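Chemist: structure for this input, please:
(2 chains)
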Amino acid sequence: MTRSPVKVLYIDDEENNLLAFKASFRRQYEIYTANSAAEGLKVLENLPVEVIIADQKMPLTTGVEFFKSISDTYPDPVRILLTGYTDISALADAINHGDIYRYITKPWNDLELHNSIKNAHDAYRAKIDLRNKVQELEKTNDELNRFIYSISHELRAPLVSVIGIVNLVKMEGLYHSSGEYWELIESCSNKLDYYIQKTLQYYKNNKNLSDRSDINFKKLVDEIIDLYSYTDRDTQFNININQPHPFIGDAFRLEVILGNLISNAIKYQKDTEVHKIVDINIDVNLYSAEISITDNGLGILNEHLEKIFTQFFKTKNNKGSGLGLFIVKEALNKINGKIAVKSSLNQGTTFKITIPNAN
Amino acid sequence: MLINIERPVKVMLIDDNIIDLKINSKIIQISKLFDEIIQCQSAEEAISYFTRHSNALDKLPNLILLDIQMPEMDGFEFLDNYKLLPDEWRTRCQVVMLSSTLDYGDIRKAEANPHVLKLLKKPLIPIELAAVVRANFTITG
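Modeler: Down below sits the predicted model:
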């Protein structure tokens, strides 16, 4: 791709300098000159200039004053200051307020000035490229957000209708009317729904937005148990919540963490167990919430304990997706929480979590 | 406080999805939670029902099951209209939202709305609807 030559604006009150500059650089650059700050501004208003060179010592407006005056209106062009004398205070001012890229002493050396203009232009490109990339990213991000929103509606709504129809079939006593077909439809639909839900949870957790809500653990745990235990009424919950202090935290992530752990505790029970028990203990102090969730279920093999938090880790004989605990760990990472697990096979599992109180 | 309502008890379903309208009507029919079902395929249709029966309070539903995502007027916009109704009407005619949404924003918005008794998740489960009815109404007659 050939780029059009770099547009350079040179402002100097000495006509000779303008002519000399043109003579030296007209082959490399597209040059515009002005003999005062006011004239320079006119050029800026009409042309997308990329590099501005201004002489410091000009009547009415100095180079630094000019750069200052355009810092809001024309922030993009890269600035080079030319000074015939070393005026430290003008330079300090220029660097601090005028957003100057380089300063060059007069009389200039052609090669030095040429290099400065080239570097200045690279800096200009980098700035513009970065801005374009940010805009592109924002657009992609925006589209992704809308996509996720539409998954949570358009994609899931028909699936939920299917599950509704299966429920209706059960209510009308037709569930066993076609062999095991209804049962299969139901289990496939539930699986698909589970994956959609986990995908959404994972995505939402990945976004860095965090919120500060007042968390009532009693209410949160009750809601979660309500949600996950209506398919399985046999489990006995021993809930012990001690929250003498307010707890401020991320409501969505807490719900994801507790939801996944509690539903696992309900799900991974022994079929033969008559007294299915899940103990939930939560202690809130000024600095953190200490949570433990214990079940008397299947337990986890010792050699699997290290892998349970990795994505798509599944064991042969369970019905998991390999996403639940992975999402729990990811969510805890986002809110600086910690998790530990202890388990013995066929005895049960305990998860201990610490979540900082943003109070 | 429980709201006293008399038979026949009526429910209004507002949902743009015909299939869901059919499924939910059938579920309510079989579970016998309500005697009459008024089906509306849009929030606009529901509003015109209210306007049409503004002189006959006994035609109003005792409960509205309101979908969230609908083209044109969505559930929340319907609620903006609903809250302008006279107090007496609103007492006779409560709102439960019924949606498959997993969007946290929608869920929070529904739970925070003072005119919404509860947000129920699709698919509609009869025991959940029955619990809402039991928690809010006493049915006589």
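Chemist: which residues of chain A lie near chain B?
Modeler: Proximity of chain A to chain B (Cβ under 8 Å from any Cβ of the partner chain) is limited to residues A:149, A:152-153, A:156-157, A:160-161, A:163-165, A:167-168, A:171-172, A:196-197, A:200, A:204, A:230, A:252. All C-beta atoms are positioned from the backbone trio N, CA, C, and that covers glycine.
Chemist: stretch B:37-52 and chain A, are they touching?
Modeler: No: applying Cβ under 8 Å from any Cβ, one finds stretch B:37-52 separated from chain A by no less than 14.5 Å.
Chemist: from the chain's centroid, how far away is that stretch?
Modeler: Distance of stretch B:37-52 from its chain centroid, counting by Cα atoms, centre = their mean, to the nearest Å, is 11 Å.
Chemist: do stretch B:28-39 as well
Modeler: With Cα atoms, centre = their mean, you get 12 Å for stretch B:28-39.
Chemist: swap in stretch A:138-150?
Modeler: 12 Å.
Chemist: and A:Phe67, what element?
Modeler: Element membership for A:Phe67, per DSSP states H and E: helix A:63-69.
Chemist: pLDDT score assigned to the residue of chain B found nearest chain A?
Modeler: Closest residue of chain B to chain A, Cβ to the nearest Cβ: B:Pro123 (3.5 Å). The model reports B:Pro123 with a pLDDT of 93.
Chemist: that one looks like it's in a strand, true?
Modeler: No: going by DSSP: H, G, I helix; E, B strand; the rest coil, the assignment for B:Pro123 is coil, not a strand.
Chemist: name the next helix or strand downstream of the longest helix belonging to chain A, please.
Modeler: Counting residues, the longest helix found in chain A (DSSP state H) is helix A:110-150. Using DSSP H and E, the helix or strand that follows helix A:110-150 in sequence is helix A:156-171.
Chemist: average pLDDT across the helix or strand just after that next one?
Modeler: Where DSSP H and E defines the elements, the next helix or strand beyond helix A:156-171 is helix A:181-206. Across helix A:181-206, pLDDT averages out at 87.
Chemist: run me through the strand neighbours of the helix or strand just after helix A:181-206, direction for each.
Modeler: Where DSSP H and E defines the elements, the next helix or strand beyond helix A:181-206 is strand A:213-215. Looking at strand A:213-215 with DSSP bridges, its partner strands are strand A:247-249 (antiparallel).
Chemist: okay, the helix holding A:Phe67 in CSV with CA atoms only?
Modeler: What follows is helix A:63-69, C-alpha atoms only, in CSV (Å, rounded to 0.1, in the frame of the first residue of the first chain):
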residue,chain,number,x,y,z
GLY,A,63,5.1,28.4,19.3
VAL,A,64,4.3,27.0,22.8
GLU,A,65,1.3,29.2,23.2
PHE,A,66,0.0,28.0,19.8
PHE,A,67,0.5,24.4,20.8
LYS,A,68,-1.3,25.0,24.0
SER,A,69,-4.2,26.7,22.3
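Chemist: what sits against the residue of chain A found nearest chain B?
Modeler: Nearest residue of chain A to chain B: A:Gly164, at 3.5 Å (Cβ to the nearest Cβ). For A:Gly164, the contacting residues are B:20, B:23-24, B:27, B:122-124, by Cβ atoms under 8 Å, 6 or more residues apart in numbering or on different chains.
Chemist: could you rerun that using 6 Å?
Modeler: With contact taken as Cβ atoms under 6 Å, 6 or more residues apart in numbering or on different chains, A:Gly164 is in contact with B:23, B:123.
Chemist: distance-wise, check it relative to A:Glu186.
Modeler: 11 Å (Cβ to Cβ, to the nearest Å).
Chemist: and for B:Glu45?
Modeler: For B:Glu45, the distance to A:Glu186 - Cβ to Cβ - is 32 Å.
Chemist: who has more neighbours, these two?
Modeler: Taking other Cβ atoms under 10 Å in any protein chain shown, B:Glu45 and A:Glu186 do not tie; A:Glu186 has more neighbours (19 against 14).
Chemist: so what's the more buried one closest to, chain neighbours aside?
Modeler: What sits nearest to A:Glu186 in space, not counting adjacent residues and going by Cβ to Cβ, 6 or more residues apart in numbering or on different chains, is A:Val166, at 4.7 Å.
Chemist: which residue is most remote from the mean position of chain B?
Modeler: B:Gly141 (21.6 Å; Cα atoms, centre = their mean).
Chemist: so which strand or helix has B:Asp80?
Modeler: helix B:75-82.
Chemist: so does that helix get close to chain A?
Modeler: No: Helix B:75-82 stays clear of chain A (Cβ under 6 Å from any Cβ of the partner chain), getting no nearer than 12.1 Å.
Chemist: please name every helix or strand in contact with that helix.
Modeler: Helices and strands touching helix B:75-82, by 3 or more Cβ pairs under 6 Å, 6 or more residues apart in numbering or on different chains; DSSP states H and E: there are none.
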